[in-house]
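In: generate a structure from the sequence data that follows.
(one chain, ligands or ions: 2)
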Amino acid sequence: MIILSAAQTRELDQATIDEQHLPPAALMERAATAFAHWFCGRLGPEEAGEILVLCGPGNNGGDGLAIALLLHQGNYAVRVALLPAGKYSADWLHARRHLPAAVPVAEITEGQLPEIPPATVVLDALFGTGLSRPLAGLPAALVAHLARAGGRVIAVDIPSGLFADAPQPADSAVVRARHTVSFGLPKLAFLLPQNADFVGEWHIEDIGLSTRFIAGAATYWHYTDARAVARALPARPKFSHKGTFGHALLLAGSRGKMGAAVLAAGACLRGGVGLLTAQIPSLGYDIFQISQPEAMCRPDPQADYLSELPDLQPYQAVGIGPGLGQHAASLAVLQQLLREAVASQTRPEPLPLIIDADALNLLGQHRELLALLPENTVLTPHPREFERLTEPARDDYHRLELLRDFAQTHRCLVVLKGAYTCLATPTGDLHFNSTGNPGMATGGSGDVLTGMLLALRAHAQLPAFEAVRLGVYAHGLAGDLAAAATGQAGLVAGDIVRHIGPALREHEQNVYPEIPFWPVRTNRSHGPK
Ligand SMILES: NC(=O)C1=CN([C@@H]2O[C@H](COP(=O)(O)OP(=O)(O)OC[C@H]3O[C@@H](n4cnc5c(N)ncnc54)[C@H](OP(=O)(O)O)[C@@H]3O)[C@@H](O)[C@H]2O)[C@@H](O)CC1
Ligand SMILES: [K+]
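Out: Ligands and ions are numbered 1, 2, ... in the order given. Predicted coordinates for the structure are as follows:
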């Protein structure tokens, strides 16, 4: 799925009307029908009580009027409050004409803000993607009044006062919705932590928008849903052997942090790697061998931290960082790895690297090393680790700009971890992930992601971008499956590891056999005599 700017969303609206030869207000009626369908499926007339629909002067307000009509027809008690304006959109006027007199309509003034008894269901249809400036005056007073009243707010398309694709000034008036029901495609604003209190839970309803326009739209914002990664994992050929799926090297662990190495290794094995070798400080040898018998282990000469880089020749991918610590000797290992991973006569492509956790912090302290990053290196920072590599971000939108710029400059894949983990590519594209849950905000989740990415980057048939996008998606899905089993509060990183197999199974090509169960026989003469 892609994400469009507010201006592109208006173009999409118009392209749909033109392409499908829609009569006036038909698209608005689709939006209203989709909203009403969503609403009525969740709240019956008695449960909803009296519903107040706040309508602005544009098509968002028109949506509100059309929704009021449908809810009235569905026996809901609806009243409408209109924000006065000098001009109204054509579709707004159409919807206003069709609203029956039985639906009470009041005009909002400074002196007469609508009465909102506590727990009233309020549909916010004041402003949508046509918001051209921050709210002030009467609309801002209304938003403040709504916040004080404590109604149960559902935003139509987007909370009023929130820009779809850009930050609004601090302290500007924005509706705080419990739910936002939007049409066609998600909006960038929904994916950023700074807007969480405005947007609440968001939902996308299909209204048949032009697929041709969407396919051709120029945007660098993408949303990774199940369809984007469907069948991304190549089938395992019948005559494959453990060498087919790559030999990965994990450089991880230090005194007190051996768990990170164990979790990353477990995730790498469950991620489908052929062979895994872990280089770990020697104090962790027994811990590691006992907990990961499927992996090979190289104890480092040092007991407490890593100090030695093995010969890289046998490996198809290297992951470094989980539980590594920041010892000077480990920094030297990282430096040597970056130097040796570059393409060479014996290795035409750079060795795929995954850099995480303390290895990122070491990079942040020695930024001159960033120039050594081989192309398509994968970095997996959380926002604070990312800022150590760049600069403090003014807000979430600025952080996305920094992220895009970083991935393009260093020609690497950056996985910025969060509720909607964002994968930035060397082409400057940003892919927001759709899976995962707050139960995964627990120690070790990131180590599990590193292990999964290591397995997928060692896979010879998976290009870098596809491997990382699939890994991020399947990591979130494994977390969702784990949460379904344990609940979010009780979820620990090891539960994610245990659900990687089922999560990846959904994306394996050989789960969907293309060969019919019985071979189709077209010529009888080929059959047994
Ligand atoms: N695209 C789709 O797929 C579909 C879209 N649909 C719906 O249409 C919505 C977009 O409609 P829209 O373009 O008419 O804009 P909308 O937000 O209603 O308001 C514009 C009006 O508000 C005014 N105004 C702006 N800012 C203001 C401010 N701060 N303070 C005061 N006034 C302000 C602005 O005035 P102006 O900027 O010209 O001064 C203009 O009069 C979209 O969100 C969705 O709900 C569906 O019906 C069908 C499918
Ligand atoms: K709205």
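In: so how far is residue 13 from residue 151?
Out: Between residue 151 and residue 13 the distance is 29 Å, computed by CB to CB, to the nearest Å. Just so you know, the C-beta spots here come from the backbone N, C-alpha and C atoms, and that holds for glycine as well.
In: residue 386 now?
Out: 35 Å.
In: quick one: which of those two has more around it?
Out: residue 386 (24 against 21; other CB atoms under 10 Å).
In: before we move on, what SS does that one have?
Out: Put simply, residue 386 is helix when judged by DSSP: H, G, I helix; E, B strand; the rest coil.
In: tell me the residue of the stretch 251-400 of the chain that sits nearest ligand 1?
Out: Closest approach between the stretch 251-400 of the chain and ligand 1, counting by CB to the nearest ligand atom: residue 397, at 18.7 Å.
In: who are the neighbours in contact with that residue?
Out: Contacts for residue 397 were tallied using CB atoms under 8 Å, 6 or more residues apart in numbering; they are 166, 167, 192.
In: residue 63 too?
Out: Residue 63 neighbours (CB under 8 Å, 6+ apart): 28, 31, 32, 35, 95, 125, 128, 156, 157.
In: assumed it was part of a helix.
Out: Yes - secondary structure of residue 63 (three-state DSSP): part of a helix.
In: distance of it from ligand 2?
Out: Distance, residue 63 to ligand 2, by CB to the ion, to the nearest Å: 8 Å.
In: what's the answer for residue 149, then?
Out: Per CB to the ion, residue 149 is found 17 Å from ligand 2.
In: where does the stretch 351-500 of the chain dip in pLDDT?
Out: Residues of the stretch 351-500 of the chain meeting the criterion pLDDT under 70: none.
In: pull up the per-residue confidence for residue 233.
Out: We note a pLDDT of 87 for residue 233 in this prediction.
In: contacts only, for it.
Out: Contacts for residue 233 (CB under 8 Å, 6+ apart) come out as 272, 462, 470, 504, 507, 508, 509.
In: any of those residues buried? List them.
Out: The neighbour count (16 or more other CB atoms under 10 Å) marks 272, 462, 470, 504, 507 as buried among the contacts of residue 233.
In: so how far is residue 97 from the residue of the stretch 151-300 of the chain found nearest ligand 2?
Out: Using CB to the ion, the closest approach of the stretch 151-300 of the chain to ligand 2 is made by residue 160 at 4.3 Å. Distance, residue 160 to residue 97, by CB to CB: 23 Å.
In: and after the worst-scoring helix or strand of the chain on mean pLDDT, which helix or strand comes next?
Out: When the helices and strands of the chain are scored by mean pLDDT, DSSP states H and E, helix 226-229 comes last with a mean of 92. Using DSSP states H and E, the helix or strand that directly follows helix 226-229 along the chain is strand 247-251.
In: I'd like the average pLDDT over the helix or strand following that next one.
Out: Using DSSP H and E, the helix or strand that follows strand 247-251 in sequence is helix 258-270. Across helix 258-270, the average pLDDT comes to 98.
In: what's the angle between the next helix-or-strand element following helix 258-270 and helix 258-270?
Out: Using DSSP H and E, the helix or strand that follows helix 258-270 in sequence is strand 275-281. Between strand 275-281 and helix 258-270, the angle comes out at 170 degrees (axes from the mean of the first three to the mean of the last three CA atoms, to 10 degrees).
In: give the partner strands of strand 275-281 in its sheet and their orientations.
Out: strand 247-251 (parallel), strand 296-300 (parallel) (DSSP bridges).
In: mind telling me what element residue 414 is part of?
Out: Using DSSP H and E, residue 414 sits within strand 413-416.
In: burial measure for the closest residue to residue 245 other than its chain neighbours, as a count.
Out: Excluding its sequence neighbours, the residue lying closest to residue 245 (CB to CB, 6 or more residues apart in numbering) is residue 274, at 3.6 Å. Per other CB under 10 Å, the neighbour tally for residue 274 reads 19.
In: and residue 274, what does it touch?
Out: 241, 242, 243, 244, 245, 246, 247, 458.
In: make a PyMOL selection of whichever of these turn out to be buried.
Out: Buried residues within the contacts of residue 274, by 16+ other CB under 10 Å, are selected in PyMOL with:
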select buried, resi 245+246+247+458
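In: in a markdown table: the contacts of residue 274, plus distance to residue 333.
Out: Output for the contacts of residue 274, formatted as a markdown table (distance: CB to CB, whole Å):
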| residue | distance to residue 333 |
| --- | --- |
| 241 | 31 |
| 242 | 26 |
| 243 | 26 |
| 244 | 29 |
| 245 | 26 |
| 246 | 21 |
| 247 | 19 |
| 458 | 19 |
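In: and residue 21, how far is that from ligand 1?
Out: 16 Å (CB to the nearest ligand atom, to the nearest Å).
In: what sits closest to the closest residue to ligand 1 within the stretch 401-529 of the chain if chain neighbours are left out?
Out: Nearest to ligand 1, among the residues of the stretch 401-529 of the chain, is residue 432, at 19.8 Å (CB to the nearest ligand atom). Nearest non-adjacent residue to residue 432, counting by CB to CB, 6+ apart: residue 420, 4.5 Å away.
In: quick one, what contacts that neighbour?
Out: With CB under 8 Å, 6+ apart, residue 420 has these contacts: 191, 192, 432, 433, 434.
In: now for the particular helix or strand that has residue 496 in it, which elements pack on it?
Out: Using DSSP H and E, residue 496 sits within helix 493-498. Other elements packing on helix 493-498 under the criterion 3 or more CB pairs under 8 Å, 6 or more residues apart in numbering; DSSP states H and E are helix 258-270, helix 445-458, helix 464-486.
In: so which bits of the last one are buried?
Out: Yep, that's helix 464-486 we're talking about. Buried residues in helix 464-486 (16+ other CB under 10 Å): 464-483.
In: distance of residue 168 from residue 227?
Out: For residue 168, the distance to residue 227 - CB to CB - is 32 Å.
In: the two: which is more packed in?
Out: Each of residue 168 and residue 227 has its neighbours counted (other CB under 10 Å); residue 168 has more, 20 against 8.
In: what subset of the contacts of residue 63 is buried?
Out: The neighbour count (16+ other CB under 10 Å) marks 28, 31, 32, 35, 95, 125, 128, 156, 157 as buried among the contacts of residue 63.
In: with respect to residue 280, which of those is nearest?
Out: In terms of CB to CB, no member of the buried ones among the contacts of residue 63 lies closer to residue 280 than residue 157, at 52.0 Å.
In: isn't that closest one right up against residue 128?
Out: Yes - with contacts counted by CB atoms under 8 Å, residue 157 reaches residue 128, the gap being 4.3 Å.
In: what do those two both touch?
Out: By CB under 8 Å, 6+ apart, the residues touching both residue 157 and residue 128 are 60, 63.
In: mind checking the SS state of the residue of the stretch 401-529 of the chain found nearest ligand 2?
Out: Proximity of the stretch 401-529 of the chain to ligand 2 (CB to the ion) peaks at residue 420, 21.2 Å away. At residue 420, secondary structure determined by three-state DSSP is coil.
In: quick one: residue 301 and residue 307 touch, right?
Out: Yes - counting by CB under 8 Å, residue 301 does reach residue 307; the two are 6.1 Å apart.
In: neighbour count: these two, which is higher?
Out: A count of neighbours by other CB under 10 Å puts residue 307 above the other of residue 301 and residue 307, at 17 against 10.
In: surely residue 289 touches residue 297?
Out: Yes - at 5.5 Å, residue 289 counts as touching residue 297 under the criterion of CB under 8 Å.
In: can you give me the strands for the stretch 51-200 of the chain?
Out: 77-82, 105-107, 121-125, 152-156, 179-183 (DSSP state E, counting those that start in this stretch).
In: for the first one, which helices and strands make contact with it?
Out: Read it as strand 77-82. strand 50-55, helix 59-73, strand 105-107.
In: next, the buried residues of stretch 442-450.
Out: For stretch 442-450, burial by neighbour count (16+ other CB under 10 Å) applies to 442, 444, 445, 446, 447, 448, 449, 450.
In: and for stretch 353-369?
Out: Those buried within stretch 353-369 under the rule 16+ other CB under 10 Å are 353-364, 369.
In: leaving out chain neighbours, which residue sits closest to residue 48?
Out: Here the nearest residue to residue 48 in space, its sequence neighbours aside, is residue 121; by CB to CB, 6+ apart that works out to 5.1 Å.
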